[in-house]
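Student: what shape does this take:
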Amino acid sequence: MSLSTGKRTRLERVSNQEGIIAALAIDQRSALRTLLAKAKGVTPEEIPHRMLEEFKEGVSRVLTPHSSAILLDPEYGLPAARQRARTSGLLLAYEQTGYDQSVVGRLPRLLDEWSARRLVDAGADGVKVLLYYSPFSAKSINDVKHAWVERVGAECEALDVPFFLELVVYHEEMAEKGLEFARIKPESVVASLTEFSKSQYGVDIFKVGFAVNMAFVGDSSGDFAYTIEEAKGHLRRAAAAARKPFIYLSEGVSNRTFADALDLAAKAGVRYSGVLCGRATWKDGVDIYAKGGPGALEQWLADAGVENICRVNERLQAATPWRDVYGKVATESAR
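Tutor: Residues are numbered from 1 along each chain as shown. Predicted coordinates for the structure are as follows:
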């Protein structure tokens, strides 16, 4: 599998010395605004832009010394990008936050005032887009999404910058945290990775959730979607479907649940190449910031936040360097 010299060089910037991506994600915009509003007891519209910037700055300043990269958005995250540790690379999000709920299909949209070139000019070592995807959607919906990913991939190819595709699977008629969707989640993840591993999309790194919902993994009585052994099998099948390196996202679960999922992936022998961990690291700091301001947030981050990120980093000893997927010899010659 080939990878250009420019993309390899930039992937090195967002990886640790072992070639593992131990990255921190805080590109949330509407989701973070909602969390802050709930903590403050106000509406999301009452949360000023500066609060989002200030929260991201604190997270970047305190936690990037412990991460190989940080994922931010260009709307509120550029001040935080300037606060990151010198050893931490920069990934920038290219998609608009959320989706238009009045239109069927959760169709993706790019930021109007940005391009992949402008993101690179702003310092990005990699470009990320999030795509809500269901293999069960109508062909007319998924054709739009396929073409959209192809366009972003072509932009990144022209600029020789790594393309990170974040896949979030769903089903229009099911609650994503429910048992019914948990049962079809493995099939959805496998089908999505199979599709976007095709060469026309130009994806370099997948950012994807676990193929199972950890809340429904178990061997005792109760509402379980899969036994532990079945869950391990689903994780292995999803890994086999990904023809490019992939990293796990936390999907909003707690830090300990995310760590447990990484442990399960390790026991299953899954060859994943790192993480882009967001809310599982910093979510509990939202209330602290809302009540005590940036100073209180940074105190919490220096204690609990660092503990959270280190708990995840410890699990990455079981990860596989992305260089192993693209070829060690070529990587060494490009460094």
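Student: from here on, just use CA atoms for contacts and neighbour counts.
Tutor: Noted.
Student: buried residues in stretch 121-138?
Tutor: 123-135 (16 or more other Cα atoms under 10 Å).
Student: redo those as CSV? Include distance to residue 220.
Tutor: Formatted as CSV, these follow (distance: Cα to Cα, whole Å):
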residue, distance to residue 220
123, 50
124, 47
125, 45
126, 43
127, 43
128, 39
129, 39
130, 36
131, 35
132, 33
133, 32
134, 30
135, 31
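Student: the stretch 51-200 of the chain: helices as residue ranges?
Tutor: Secondary structure of the stretch 51-200 of the chain, counting by DSSP state H, counting those that start in this stretch: helices at 78-81, 116-121, 139-159, 179-196.
Student: how about those, which one is nearest residue 285?
Tutor: Closest to residue 285 of the helices of the stretch 51-200 of the chain is helix 78-81 (Cα to Cα; 16.1 Å).
Student: low-confidence bits of the chain, can you list those?
Tutor: For the chain, the stretches with pLDDT under 70 are 221, 328-335.
Student: repeat that for 50
Tutor: Applying pLDDT under 50 to the chain flags the ranges 329-335.
Student: hey, where'd the strands end up in it?
Tutor: 21-25, 69-72, 89-93, 126-133, 163-169, 205-208, 246-249, 274-277 (DSSP state E).
Student: mind putting those strands into TSV with distance to residue 258?
Tutor: Below are the strands of the chain laid out as TSV (distance: least, Cα to Cα, whole Å):
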stretch	distance to residue 258
strand 21-25	13
strand 69-72	18
strand 89-93	21
strand 126-133	20
strand 163-169	16
strand 205-208	13
strand 246-249	9
strand 274-277	9
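Student: who wins for proximity to residue 106 among those?
Tutor: Using Cα to Cα, these put strand 126-133 closest to residue 106, at 6.4 Å.
Student: ok, and what's touching that closest one?
Tutor: 10-11, 90-95, 106-108, 116, 119-120, 142, 145, 156, 161-170, 192 (Cα atoms under 8 Å, 6 or more residues apart in numbering).
Student: repeat for stretch 172-187
Tutor: 105, 169-171, 211-213, 216, 223-226, 234-235, 238.
Student: now do residue 288 against residue 300, distance only.
Tutor: Counting by Cα to Cα, to the nearest Å, the separation of residue 288 from residue 300 is 7 Å.
Student: ok, now residue 125?
Tutor: 29 Å.
Student: next: residue 167.
Tutor: 31 Å.
Student: who's more crowded, those two?
Tutor: Using other Cα atoms under 10 Å as the criterion, residue 167 and residue 300 rank with residue 167 on top: 21 against 18.
Student: for the more buried one, name its beta-bridge partners.
Tutor: residue 131, residue 208 (DSSP bridges).
Student: wait, it touches residue 208, no?
Tutor: Yes - the pair residue 167 and residue 208 qualifies as a contact (Cα atoms under 8 Å) at a distance of 5.3 Å.
Student: tell me how many other residues surround residue 303.
Tutor: 11.
Student: how far away is the closest residue to residue 170 other than its chain neighbours from residue 177?
Tutor: Spatially, and ignoring its direct neighbours in sequence, residue 170 is nearest to residue 134 (5.5 Å; Cα to Cα, 6 or more residues apart in numbering). According to Cα to Cα, residue 134 and residue 177 sit 15 Å apart.
Student: equivalent analysis for residue 42, please.
Tutor: 26 Å.
Student: ok, and what's touching stretch 286-306?
Tutor: By Cα under 8 Å, 6+ apart, stretch 286-306 touches 35-36, 39-40, 54-55, 58-59, 62-63, 66, 281-282, 285.
Student: what do you get for stretch 32-45?
Tutor: Counting by Cα under 8 Å, 6+ apart, 46, 47, 52, 286, 287, 290, 291 sit against stretch 32-45.
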